[in-house]
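Visitor: dropping a prediction and its sequence here:
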Amino acid sequence: MLVTQKKQYALRAIFELAKQQGEEPVKTASIAEAQSIPLRFLEVIMGQLKRAGLVESKRGFFGGYTLLQPPDQIRVGDIFRLLDQEDNADACMACASKGNCPFLGGCVFMALWDRAQQAMDAVYDQTTIQALLDQEARLTGT
């Protein structure tokens, strides 16, 4: 699972929503500013996260986005896989796409890439948004 800029932005957006959980819905402009995400790109990402059932939106002056699950139930790997499904990603860690790989079926490095990928996926799946919130609190002393 390649960690694209889009996935990083989606993770930051979910993290920001979790930080402000319990308050009123959070506007995309607020998320974009707090997490340094280009607003137009964030709007597309939030639409994908909404279709995936991770966030809900409320329209209007007091509108914005809220999380649909508690932060301790959202894993980083879940977010990344949702975006892969939305984007129909089928990428190898070394190639842009397995379908275009000139060594497909005979790549001596494929087992190495697969083991590395499994190790990264395990880290992503063991890391919740709550764990990231807790880590930020330790780093900032809040």
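Guide: Yes, it's here.
Visitor: what is the burial count for the residue nearest to residue 37 when sequence neighbours are not counted?
Guide: The spatial neighbour of residue 37 that comes closest, neighbours along the chain excluded (C-beta to C-beta, 6 or more residues apart in numbering), is residue 9 at 4.8 Å. C-beta: built from backbone N, CA, C; applies to glycine. The tally of other residues near residue 9 (other C-beta atoms under 10 Å) stands at 22.
Visitor: wait, residue 9 sits on residue 42?
Guide: Yes - between residue 9 and residue 42 there is a contact at 6.5 Å, judged by C-beta atoms under 8 Å.
Visitor: quick revisit: the residue nearest to residue 37 in helix, strand or coil?
Guide: At residue 9 the chain is in helix, as set by DSSP: H, G, I helix; E, B strand; the rest coil.
Visitor: quick one: it from residue 65, how far?
Guide: Noted for residue 9: a distance of 14 Å to residue 65, by C-beta to C-beta, to the nearest Å.
Visitor: pLDDT score assigned to residue 114?
Guide: At residue 114, the model reports a pLDDT of 84.
Visitor: that one: which element?
Guide: Per DSSP states H and E: residue 114 is located in helix 110-126.
Visitor: next, the buried residues of the helix or strand following that helix.
Guide: Next along the chain after helix 110-126, taking DSSP H and E as the criterion, comes helix 129-140. Buried positions in helix 129-140, judged by neighbour count with 16 or more other C-beta atoms under 10 Å: 129, 132-133.
Visitor: is it possible to get a markdown table of those residues that adds pLDDT and distance to residue 103?
Guide: Formatted as a markdown table, these follow (pLDDT from 0 to 100; distance: C-beta to C-beta, whole Å):
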| residue | pLDDT | distance to residue 103 |
| --- | --- | --- |
| 129 | 97 | 37 |
| 132 | 97 | 36 |
| 133 | 96 | 42 |
